[in-house]
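Enquirer: this one's sequence-less:
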């Protein structure tokens, strides 16, 4: 299946999805979200500011809390990783 994303545009980092869509919708602070997901505030901050890649462990925790799949998060990260190579 062909992607609708412009191939000249960098893929969206999973942290941007969290920052722009999920946290505002949940109306949670970074600290509250990190605690509920089970990750450190520093890790969440690094993800939100796109300073680190999303690990499989963190993807699993996000998927469990958000009722999504870890694969969806990891595919987003893989697209970013491929773009940056």
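Expert: Nice, thanks for sending it over. Everything numeric in this text was worked out from a predicted model, so none of it was measured.
Enquirer: give me the below-cutoff pLDDT ranges for this protein.
Expert: 1-5 (pLDDT under 70).
Enquirer: repeat the analysis, applying 90 as the threshold.
Expert: Applying pLDDT under 90 to the chain flags the ranges 1-9, 85.
Enquirer: for it, what spans make up the helices?
Expert: For the chain, helices defined by DSSP state H occupy the ranges 14-17, 23-26, 30-37, 41-48, 56-66, 70-84.
Enquirer: any idea which of those is most buried?
Expert: For those, the largest average neighbour count (mean count of other C-beta atoms under 10 Å) is found in helix 14-17, namely a mean of 20. Using the backbone N, CA and C atoms, a C-beta is placed for each residue, glycine as well.
Enquirer: tell me how far that helix lies from the chain's centre.
Expert: 4 Å (C-alpha atoms, centre = their mean, to the nearest Å).
Enquirer: going forward can the numbers begin at 20, since that is how I track them
Expert: From this message on, residue numbering opens at 20, which makes the last subject helix 33-36.
Enquirer: what helices and strands are in contact with it?
Expert: Based on contacts counted as 3 or more C-beta pairs under 8 Å, 6 or more residues apart in numbering; DSSP states H and E, the elements that helix 33-36 packs against are helix 60-67, helix 89-103.
Enquirer: 6 Å instead?
Expert: Packing partners of helix 33-36 (3 or more C-beta pairs under 6 Å, 6 or more residues apart in numbering; DSSP states H and E): helix 89-103.
Enquirer: the helix it packs on vs helix 75-85, what angle?
Expert: 130 degrees (axes from the mean of the first three to the mean of the last three C-alpha atoms, to 10 degrees).
Enquirer: angle of helix 89-103 against helix 60-67?
Expert: Going by the same axes, to 10 degrees, helix 89-103 makes 60 degrees with helix 60-67.
Enquirer: give the contact list for the residue nearest to the spatial centre of the chain.
Expert: Closest residue to the average C-alpha location of the chain: residue 33 at 2.6 Å, with C-alpha atoms, centre = their mean. Residues near residue 33 by C-beta atoms under 6 Å, 6 or more residues apart in numbering: 73, 92, 95, 96.
Enquirer: number of residues surrounding the first one?
Expert: Taking other C-beta atoms under 10 Å as the criterion, the count of residues near residue 73 is 23.
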